Every structure is written in structure tokens, then in C-alpha cells.
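>>> A predicted structure for the sequence below; I have some questions about it.
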Amino acid sequence: MNNSFLHRFSTHGILILGTIFMSAPVWIAFMSSTHSADTLFREGLQYWFGGNFFETYYEVLFVEGGVMKKVTALEMLGNSMILGLGFAIGKVVISMSAAYAIVYFRFRLATPLFWVIFLTLLLPLEVRIVPSYEVVAGLGLLNTHTGLIVPLIASATGTFFFRQYFKSVPEELLEAARLDNAGPMRFLIDVLVPLSKTMIAAIMIIMFVVGWNQYLWPLMMTTEENSYTIVIGIKQIYQVLSEGGELPQFQKAFALTILAVLPPVVVVLVFQSWFVKGLVESEK
Amino acid sequence: MKRVQFERSTVPYFFVAPQIAIIAVFFLWPAAQAIYQSFLLEDAFGLSSQFVWFRNYEDTILNFAWLQSAGFTVVFSAAVTLGSLSIALLLAVKANEVLHGSSSYKTMLMWAYAVAPPVAGLMGNLMFNPFIGDLYTAMNVLGWDFNQKLDAFDAGFVVILISVWKQVSVNFIFFLSGLQGISKGVMEAATLDCRSPTKRFWTITFPLLAPTTFFLMVINITYAFFETFGIIDTTTRGAPGGATNTLVYKVYTDGFLGADLGGSSAQSVILMLMVLALTVFQFRFIERKVHY
């Protein structure tokens, strides 16, 4: 009896410690963001609510700040939203259509093209930084949404995922569709897409988070403040805030951090079960 | 591939074309450029360049800064992989055991997946800030003369701690799903045969999780190599004196900030070979996994 009580106690103890370890940084950042710059500087990090919530968040969201004083967090959130959604939608459309061709058609270049797609796994952005930047600069795409999104969406992960999924779809469906004289486009739109709805949703959620959180590529691509995403923006602004000569505005740095974290966290929490399913399935 | 397929000569090309086009322009061409430039030496003004065979590679590999960075990358990857895998495994085993509140624990332990590495880095940076950071103060109060700006070990500690924190949630999700995949029958039989829960874990559960663990090792090493860029760039930026420069961060600082094209390209190509090795390792393992 005693033994099992101890065991249960330690189990919950470890889980609670883990929960604190994972949540504390964000909790402290949020609490600190609701205090004044003065309090933070005098008393350090804060662990409970302060009275400056509206003031700080209003200023961060609507008053132009940053190195050149030209951008608000609201605009940066907008850019992040475009990147997240554009990345998710673009990736699903492109990889689904490529996987469709590879699984459902017999054509001569199928195998070599599949290997070309596979090759992208060996070429993460980080190993081709400088030449990729040159290509995009040469095409005149710096500081554009196209230049930000398109180079990111071609990697193989999505294609592999849909290829795997399509292979598990029963063969009879295609036979039936052919008896009905449905062409490739009809079959894709009327049969395959509705059938893959949950899979598409799961992948979209993961890709939205991945897109929103992109760092290196937007860091190189965006040189003008009004095309910053929030993840890039907070870093630049953070430097100004905490290294400027006056009283460091730590509360703004914390508020920006919270704003950058909030949308992807909400998406993951709201669609938790789809998200977990998508993550575990896609890596198989 | 499917037994039944469409037989059209042009339609499939229309479907793969977008992806292939983007890959050609944004993957193959830049990668080819990187390989080509790694054999060139440019003059200081970038006006002329000459073909120098493997000199950039020699200069790279025989360079103290690169060796230091390679050494740090190995230690860093090992520490991050080991640290986050063991924390995640412990939490997943415990979360799988509890009867009450397991779904709240699950939610609380996995949501950090959505935090971007550079944002995690910035938060960590503020926690270790000499003015307001309580962790900074706590370390010094406890007698550890802590200063991540000056001390290489302390800087490495900060970067590793933040990187581990960021990666626990992914590992947790996969371990938990692996544990839930183990059949109840096997576990019941194990309980009859072996009464010690610790021994049961190491002789039954852990070996059954081996495929998940191997897979996660590859994922974690890739993460430590590439995705921690954002953490390093928002915390130490390679300081002090390049002691926390990972190989990827060095490619960025040398090539993008320092404009040393040849040297940076040679480093890129070496990294590509490392990714290749990791991929081959992963696929050989996946082939083996079939026999389980």
C-alpha cells in the first residue's frame, strides 16, 4: 500500500516538475510583460501579474517601434500570418500534386524525378545559404512574400507524406472511378482530396507552425523593417530595447515574445489531436 | 506504386512540374553553385577568381576556428540529444503510467513544440540577463561564478539548456506514441514474469522502444546541427571567441556576414556530406527495422 502510494506520488511529482520546467519560461515572460520597465529594472523578473498589461501591449501592437521606428508588432504579425499560411497552403498543394503524379501515373521519368525530390533532404537551407540568397536576389525577390515563401516550400517531407498516404488508399477506388470514366483531375478533386481531408488538415497545422517559426531565411531575405516577420522583428527590436542608452524596455521585449509565441501555440492546442496524429504519421 | 494507374503521357508531368521547377531553381542550382564556388578563390574585391582545387577545403579543415567549431558541434549535439531524449523519455513513461490527469499533463508537456527556437533563445537570454535574469543571479548566489559572456563553459551551458528545453516536447510526443503502441498483452505478461518495475522497463519496454529511440536520435542530431541556429543567434552568437560556434552558424558568419565565399562554400559542402552520411545511416536503420 505504502509503496504504491510513494510510487504514485513520485510519478505525479516528476510530471509536475516537467510541466514547470516546460512552462516556466513562458509564464515568467508573460508575467514580466505586464510590469513597468522601472519595476523590471529594479526588481528583476516577475512571477505574477502587474498593472501595465494594456499599456505595454497597446504600445507594442500599435505604436511604431523598431530600429527605424517604422514597424508595429501588428504589421509583423500580419507578415508572419502570410508566411505561415502561404507556406502551409503552398506546401500542401505542391507536394500533394507531385505525390499524386508519382503514385497514380505510369510515366517514364517517375523514378528519376522521385530521386530529385528525395535529394532535397540532403540540401537543407543552412548548407546552401549564400548561393540561395544570390538566386533570390538575382530574381529581384528580396523583401517580397514570393521570395520568402516559394524557396521554402519545395522540400521533400510533404511529398513523402502524401505518397505514403496515397499508397494506403484502396486500389478499388481508382478502378471504380475509371469505370465511371472519370479523368485524372476529376479523380483527384472528387475522390482523393475529400478522402485525405484529415491528413491535409494535420499537415497544414504542422506546416503553419513550421512556417511561422522560420528564422534563418527571413533573416537574410528581409532587409526592410516593414517586411519583418514577428520572429525576426523581436530579435532586432530586442537589441534596441535592451542595449539602448536609456532605461531598458524589458517589458516590451517580453510582450513581443509572447505575441510571437501565442498564435502557433493556440493552433497546436486547439487542433491538438490532429497535430499529434500528423506529426507522428508524417515521420514514418 | 499502384497496380492500377492512369496511363497518360503528359498529365503526370503537369502535376510534378511545380515542385520540380522550384527544386531546380532554389535547391539544385544553389547547391551546384556552392560546390562550384568551393573550388574557387576570389580576390578581395570579388572581381576575379581562380580555380584552386581543394585549397579551400584544406584551409577550412586545417583551421583552428573550424576545428574548434567542429569540436563544439559534436559535444553540443551529443549533450542536446542525450539531455532532451532522457528528459522526454522519463516524462513519457510517467505520463503513460498515470491514470488521472494524463491528458492535461500531455498538453502541458507538448505545447512548447510551437515555440520558435529563436524565441526560446530570446527568453533564455532574458532569464540569464545580468540585470534582471534570476537564473543568472541564482547561479552566482549558489557559488557558480557565472558569466556567459566571458566563460566558454557557461556560454555552452546556456545554449545547451535552451536547446534541450526546445526539443523535449517533440521527443515526448514520439515516445508517448511509441509507448502507447506497445500491446497491453505484452506488458501484462511482463508484469507476471518480472515484478521490479525498473528491471521491467530496461528489459522489456526500452528494447521495444528502440526503433523510436533510433529515429529520434537522427531527428535530434539534425536539430542540433541545423535548427539551433536561431538559438545561437539570439543568445551567444558564437561568443566568447567562437567557443559556441556550431558548424552551421560558422557557415553563416563566414559566408553571409564575412563574405568569404570560397571558404563558406567548402564548409557547406562538408555539411552536405555529413547530412548524406546521416541519411544513409537512417535508411540502413529503417531497412533493419523491417525485421523486428
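Structure's in. What do you need? Numbering: from 1, shown residues only, chains lettered A, B, ... in the order given.
>>> Am I right that residue B:123 is in contact with residue A:27?
No - checked against Cβ atoms under 8 Å, the pair residue B:123 and residue A:27 is beyond contact range at 10.5 Å. From N, CA and C alone the C-beta is placed, and that goes for glycine too.
>>> neighbour-wise, which of these two wins?
A side-by-side neighbour count of residue B:123 and residue A:27, using other Cβ atoms under 10 Å in any protein chain shown, places residue B:123 first with 24 against 13.
>>> and stretch B:163-178, how far from the chain's centre?
12 Å (Cα atoms, centre = their mean, to the nearest Å).
>>> For it, list the C-alpha coordinates in CSV.
C-alpha atoms of stretch B:163-178 as CSV (Å, rounded to 0.1, in the frame of the first residue of the first chain):
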residue,chain,number,x,y,z
SER,B,163,18.2,23.7,-27.0
VAL,B,164,17.3,20.8,-24.7
TRP,B,165,14.2,22.7,-23.5
LYS,B,166,13.0,23.4,-27.0
GLN,B,167,13.4,19.8,-28.1
VAL,B,168,11.8,17.9,-25.1
SER,B,169,8.3,18.3,-26.4
VAL,B,170,8.9,16.7,-29.8
ASN,B,171,10.7,13.8,-28.2
PHE,B,172,7.9,13.5,-25.6
ILE,B,173,5.2,13.2,-28.3
PHE,B,174,7.1,10.5,-30.2
PHE,B,175,8.0,8.5,-27.0
LEU,B,176,4.5,8.6,-25.7
SER,B,177,3.0,7.5,-29.0
GLY,B,178,5.6,4.7,-29.0
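>>> is it anywhere near chain A?
Yes - for stretch B:163-178 and chain A, the contact criterion (Cβ under 8 Å from any Cβ of the partner chain) is met by B:165, B:168, B:169, B:170, B:173, B:174, B:177.
>>> same deal with stretch B:219-232?
Yes - counting by Cβ under 8 Å from any Cβ, chain A has neighbours in stretch B:219-232: B:219, B:225, B:226, B:229, B:230.
>>> Give me the mean pLDDT for that stretch.
Averaging pLDDT along stretch B:219-232 yields 92.
>>> how about that stretch: buried residues?
For stretch B:219-232, burial by neighbour count (16 or more other Cβ atoms under 10 Å in any protein chain shown) applies to B:219-232.
>>> need those residues in JSON lines with secondary structure, can you?
Output for those, formatted as JSON lines (DSSP: H, G, I helix; E, B strand; the rest coil):
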{"residue": "B:219", "secondary structure": "helix"}
{"residue": "B:220", "secondary structure": "helix"}
{"residue": "B:221", "secondary structure": "helix"}
{"residue": "B:222", "secondary structure": "helix"}
{"residue": "B:223", "secondary structure": "helix"}
{"residue": "B:224", "secondary structure": "helix"}
{"residue": "B:225", "secondary structure": "helix"}
{"residue": "B:226", "secondary structure": "helix"}
{"residue": "B:227", "secondary structure": "helix"}
{"residue": "B:228", "secondary structure": "coil"}
{"residue": "B:229", "secondary structure": "helix"}
{"residue": "B:230", "secondary structure": "helix"}
{"residue": "B:231", "secondary structure": "helix"}
{"residue": "B:232", "secondary structure": "helix"}
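>>> what's the closest non-adjacent residue to the residue most central in space within chain B?
When Cα atoms, centre = their mean is applied to chain B, the residue found nearest the centroid is residue B:223 (1.3 Å). Nearest residue to residue B:223, sequence neighbours excluded (Cβ to Cβ, 6 or more residues apart in numbering or on different chains): residue B:167, at 5.8 Å.
>>> That neighbour and chain A, how far apart?
To chain A, residue B:167 is 11 Å away according to Cβ to the nearest Cβ, to the nearest Å.
>>> hang on, the earlier thing: among the residues of stretch B:163-178 next to chain A, name the ones in helices.
Judged by DSSP state H, the residues of stretch B:163-178 next to chain A include B:165, B:168, B:169, B:170, B:173, B:174, B:177 as members of helices.
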